[in-house]
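>>> The amino acid sequence is not available; the structure is as follows:
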């Protein structure tokens, strides 16, 4: 997947916040792919012990029928990268996007849709990780977060597909979506090149019986598995050195 560089990376939180304010007006918050077949999921795992990130991007071919679980894996990309930006609420993209973009650059083609485990415009400055990646990649992108960052909402009904609007500072910035009965809802918000109702529709379209959409669920599992493997490998090497000593 090829894409131009959107900007240079800021060094301070102040510069990062200003960049969000500058780029948020560029987002296109309407339209959507009607029936996306190639869908990418993106997520990042963090190892505080080592100070590095493990990013995973999974490119899947969506089944012909909604709800089917046999999604075809087209490509999986996992990369480890150092933490180059501090953890600051609302500035997650400056911490995670650099290594995720390296993953996307290794995909064999361009997805019809990208789902991100993070916020889109449901963000203090309307420019969360999903929006940041969407604008950089210039593809339809939706934020599918497991927790709320900003805003207020009413609890949606318990039946799958029920949703309520998420309000922040008097504006609708996302939706609280019930994907399974008896489980907590997820928080869906447009990232780029997608409107609110289409974002909800697409998130539900990509849900295959679990709480979170299948692409981000796969990416989450892949990133966590890679992190554990790296930690296990380090432990094995340490035991070997101790035995030799």
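That came through, no problem. Small disclaimer: the values here were computed from a predicted structure and weren't measured. Numbering: from 1, shown residues only.

>>> What segments of the chain are helices?
13-23, 92-104, 129-137, 196-205, 214-244 (DSSP state H).

>>> so which of the ones you listed is the most packed in?
helix 129-137 (a mean of 27; mean count of other C-beta atoms under 10 Å). For the C-beta atoms, the positions are set from N, CA and C on the backbone; glycine is no exception.

>>> So which elements touch that helix?
Contacts defined by 3 or more C-beta pairs under 8 Å, 6 or more residues apart in numbering; DSSP states H and E place helix 129-137 against helix 13-23, helix 92-104, strand 113-116, strand 141-145, strand 186-192.

>>> Can you name the residues in contact with the first one?
Defining contact as C-beta atoms under 8 Å, 6 or more residues apart in numbering, one finds that helix 13-23 is touched by 6-7, 10, 85-86, 88, 90-91, 94, 123, 125-127, 132, 135.

>>> Show the buried residues in those.
Among the contacts of helix 13-23, the ones that count as buried by 16 or more other C-beta atoms under 10 Å are 6, 10, 85, 90, 91, 94, 123, 125, 126, 127, 132, 135.

>>> Which residue, other than its chain neighbours, is closest to residue 139?
Spatial nearest neighbour of residue 139, excluding adjacent residues (C-beta to C-beta, 6 or more residues apart in numbering): residue 114 at 5.5 Å.

>>> Check residue 57 too.
residue 103 is the one closest to residue 57 (C-beta to C-beta, 6+ apart), at 3.9 Å.

>>> hang on, that neighbour packs against residue 44?
No: contact criterion C-beta atoms under 8 Å: residue 103 and residue 44 do not qualify, at 9.5 Å.

>>> Need the residues touching each of the two.
Common neighbours of residue 103 and residue 44, using C-beta under 8 Å, 6+ apart, are 55, 56.

>>> Could you find the closest non-adjacent residue to residue 136?
Per C-beta to C-beta, 6+ apart, closest to residue 136 is residue 6, 4.5 Å.
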